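S.K.: One predicted model, sequence on top.
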Amino acid sequence: MTTPSDEWPPADTEMPMDPAPAPWQPESAASDPEFAADPALAADPAFVAEPAFVADPAAPSGANAPLRWTPSAEPAAALSEVPPSSGSSGAGGTGGSSGTSGNGGNGPRERVGVGPILAASLLSAVLASGGTFAALSASGALDARTQTPAGNLASPAGARLPVTIDETSAVVDAAALAGPAVVRILVSGTVETQAGGSIPEQGVGSGIIFDPAGWILTNRHVVTDPSGATASKLTVELKDGHQYDGTVYGIDTLTDLAIVKIRATGLTAATIGVSADLKVGQLAIAIGSPLGTYSNSVTSGIISATGRSVTVQSGDRLNNLIQTDAAINPGNSGGPLLDVIGEVIGINTAVATDSNGIGFAIPIDIARPIMQQALAGQALSRPYIGVRYEPITVQVQARDRLTVDHGALVSDARDGNGASVPAVVAGGPAAKAGVRSGDIIVGIGAQDVDPEHPLDLVLATFSPGQTVDLRVLRGSQSLTLSLTLGTRPANL
């Protein structure tokens with residue numbers, strides 16, 4: 001059943017009518033040598049047997065003279081040559097060799113066989129198709145192409161479309177690559193009660209094998225209790241179910257990281273990536289043991305932001321973190337954050353408890369120095385230069401009328417009592433290198449100090465004892481100072 005709106009055209013609508021087409025008129029063979037009658041063909045029965053449409057002699061002459069079908073019984077008439085006429089202007093077509101464009105005229109009409117017309121049309125179609133195919137082949141338009149998504153502009157012929165990544169496939173591949181290197185860490189210890197006693201406590205976290213000889217990177221809060229004491233017992237469980245006793249090799253003095261060692265060799269180690277050039281919006285994959293039960297769980301999301309700072313339950317403030325919406329739950333702590341190719345770009349460390357989809361990870365570039373120290377058998381330590389500074393922002397630049405909009409302004413500070421504290425620590429590495437109050441540190445080595453790469457983050461990628469080139473702006477002078485990094489005090 002249809003409704004009035006379903007009918008087309010509507011009953012009360014008058015549709016315009018197209019004008020009736022003019023009757024078809026044959027072209028003059030005499031005006032085109034290619035279609036002129038050939039006396040040599042007149043004797044060919046196979047040729048003259050074709051019927052033709054000719055003007056009806058009984059009909060009145062003129063532009064609208066009707067045509068009649070001439071059967072093969074009239075071959076001579078169908079192929080006889082017709083002298084050119086001097087037809088007058090008409091609705092289209094050629095009236096004769098000496099006439100103007102017209103649909104007819106007063107002269108006799110020529111009669112051309114349908115066979116030659118069909119043969120010529122077929123030949124023209126074949127030639128045109130062959131030429132089109134050759135042109136398309138030469139241009140590369142017939143090559144296999146990646147289908148252009150709807151709404152996108154097609155690329156020019158011969159150009160290759162950008163390679164797109166199937167996110168689902170990428171997550172599967174990344175999880176398969178890094179999954180065997182992710183471990184579950186079970187901890188047990190005792191917690192002091194307010195009454196002076198102690199009770200046993202257990203916890204579960206995650207970790208990532210970064211060396212086949214049993215070296216594991218995890219969070220500090222996974223292997224320590226709220227007081228900072230190391231757990232009395234660690235059990236490390238591999239993906240295949242094998243368990244090993246673990247020991248805490250070292251605790252990071254800068255951020256929420258720790259190194260655990262187990263007695264094992266030939267383990268599958270993860271590929272350590274780079275976090276310095278992460279882009280907001282790129283794919284991020286988290287693996288861990290959420291809730292301490294679901295080992296090797298994989299979640300995915302994106303890099304939501306970089307350079308975040310949060311204060312965790314212990315009261316410690318963690319800086320320069322990666323923010324992601326990949327699900328990170330209790331038990332994921334210490335597990336890896338991966339990029340699209342399965343390389344470790346961060347260590348999952350915290351989640352915002354009052355919201356969904358906000359998790360944080362420590363950039364792997366911050367962890368790299370302590371991993372190198374552990375493999376070298378050195379105590380875990382962080383670099384120190386001995387200055388107090390203020391990151392330069394647009395507001396700081398305007399306030400102090402600075403010539404640059406990035407860097408670290410070495411300046412005096414105030415302690416808790418309001419007393420002034422010198423910008424450069426006496427006897428420290430910066431003082432020995434010649435750094436002064438008012439200097440602007442604009443880079444270390446080739447790395448600029450800017451909002452994306454603050455001074456403390458750049459320093460964290462080095463180790464104590466290394467000598468670096470400190471690039472400083474002092475008034476209108478650009479200086480390069482050689483500075484040997486010291487060791488960060490534990491109480492900072």
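M.R.: Sure, I can see it. Keep in mind that what you see is a predicted model, and the values were worked out from it rather than measured. Residues are numbered from 1 along each chain as shown.

S.K.: just the helices in this structure please.
M.R.: Here the chain has its helices, by DSSP state H, at 39-42, 45-48, 75-79, 114-139, 167-178, 220-223, 364-375, 394-400, 429-433, 455-460.

S.K.: what mean pLDDT does the fifth one have?
M.R.: Helix 167-178 shows a mean pLDDT of 89.

S.K.: got it, and stretch 223-235?
M.R.: Here the average pLDDT along stretch 223-235 is 86.

S.K.: how long is that stretch end to end?
M.R.: This stretch, stretch 223-235, spans 11 Å end to end (Cα to Cα, to the nearest Å).

S.K.: okay, now the residue nearest to A350 when sequence neighbours are not counted: neighbour count?
M.R.: In space, and not counting its chain neighbours, A350 is closest to F360: 4.6 Å by Cβ to Cβ, 6 or more residues apart in numbering. Bear in mind the C-beta positions are built from the backbone N, C-alpha and C, glycine included. Neighbour count of F360, defined by other Cβ atoms under 10 Å: 24.

S.K.: Any idea what F360 is bridged to?
M.R.: Note on F360: beta-bridge partners by DSSP bridges are Q323, A350.

S.K.: Now do the same contact list for P391.
M.R.: Residues counted as contacts of P391 (Cβ atoms under 8 Å, 6 or more residues apart in numbering) are A408, L409, P451, P454, L455.

S.K.: same deal with I441?
M.R.: So I441 contacts V387, Y389, G407, A408, V410, V435, V449, L455, L470, R471, V472 (Cβ under 8 Å, 6+ apart).

S.K.: does the fifth one have beta-bridge partners, and which?
M.R.: By that I understand V410. With DSSP bridges as the criterion, V410 is bridged to Y389.

S.K.: Would you check that my belief about it contacting I440 is correct?
M.R.: Yes. The pair V410 / I440 is scored as a contact, 7.3 Å apart, by Cβ atoms under 8 Å.

S.K.: quick one: the nearest residue to G465 once chain neighbours are set aside from A433, how far?
M.R.: Distance criterion Cβ to Cβ, 6+ apart; nearest residue to G465, sequence neighbours excluded, is L485 at 6.5 Å. Distance, L485 to A433, by Cβ to Cβ, to the nearest Å: 10 Å.

S.K.: got a list of what the residue nearest to K279 when sequence neighbours are not counted touches?
M.R.: Distances taken as Cβ to Cβ, 6+ apart put I303 closest to K279, at 6.8 Å, once the chain neighbours are dropped. By Cβ under 8 Å, 6+ apart, the contact set of I303 is L278, K279, V280, G281, Q282, A284, I322, Q323, T324.

S.K.: Could you rerun that using 10 Å?
M.R.: Contact analysis of I303 by Cβ atoms under 10 Å, 6 or more residues apart in numbering lists 275, 278-284, 322-326, 337, 339, 345-346, 361.

S.K.: Kindly provide the distance from it to L278.
M.R.: Applying Cβ to Cβ, the value for I303 to L278 is 5 Å.

S.K.: Common neighbours of these two, please.
M.R.: By Cβ under 10 Å, 6+ apart, I303 and L278 have these common neighbours: A284, I322, L337, D339, I345, G346.

S.K.: could I get those as CSV with pLDDT, neighbour count and distance to I209?
M.R.: Below are the shared contacts of I303 and L278 laid out as CSV (pLDDT from 0 to 100; neighbours: other Cβ atoms under 10 Å; distance: Cβ to Cβ, whole Å):
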residue, pLDDT, neighbour count, distance to I209
A284, 96, 26, 20
I322, 96, 26, 21
L337, 97, 32, 15
D339, 95, 22, 18
I345, 97, 26, 16
G346, 97, 28, 16
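
S.K.: Filter these down to just the ones in strands.
M.R.: Judged by DSSP state E, the shared contacts of I303 and L278 include A284, I322, L337, I345, G346 as members of strands.

S.K.: And the strands in the stretch 151-300 of the chain, which stretches?
M.R.: Taking DSSP state E, counting those that start in this stretch as the test, the strands found in the stretch 151-300 of the chain are 182-192, 198-211, 215-218, 233-237, 243-251, 258-262, 283-288, 297-311.

S.K.: Show me what the first one pairs with in its sheet, parallel or antiparallel.
M.R.: By that I understand strand 182-192. strand 198-211 (antiparallel), strand 233-237 (antiparallel).

S.K.: List the buried residues of the last one.
M.R.: Read that as strand 233-237. Buried residues in strand 233-237, counted by 16 or more other Cβ atoms under 10 Å: L234, V236, E237.

S.K.: and what of the first one?
M.R.: For strand 198-211, the neighbour count (16+ other Cβ under 10 Å) marks G203, V204, G205, S206, G207, I208, I209, F210, D211 as buried.

S.K.: Over to stretch 439-457?
M.R.: Neighbour-count burial for stretch 439-457, with 16+ other Cβ under 10 Å as criterion, is recorded at 439-444, 449-450, 453-457.

S.K.: for it, how far is the first residue from the last?
M.R.: 19 Å.

S.K.: Ok, stretch 408-419 next?
M.R.: Counting by Cα to Cα, you get 22 Å between the two ends of stretch 408-419.

S.K.: tell me the mean pLDDT for it?
M.R.: 88.

S.K.: contact partners of that stretch?
M.R.: Under the criterion Cβ under 10 Å, 6+ apart, residues 385, 387-393, 396-397, 400, 402, 420-424, 430, 435-443, 449-450, 454-456, 458, 472-474 lie in contact with stretch 408-419.

S.K.: So for it, what gets flagged as buried?
M.R.: Quick answer for stretch 408-419 (16+ other Cβ under 10 Å): A408, L409, V410, S411.
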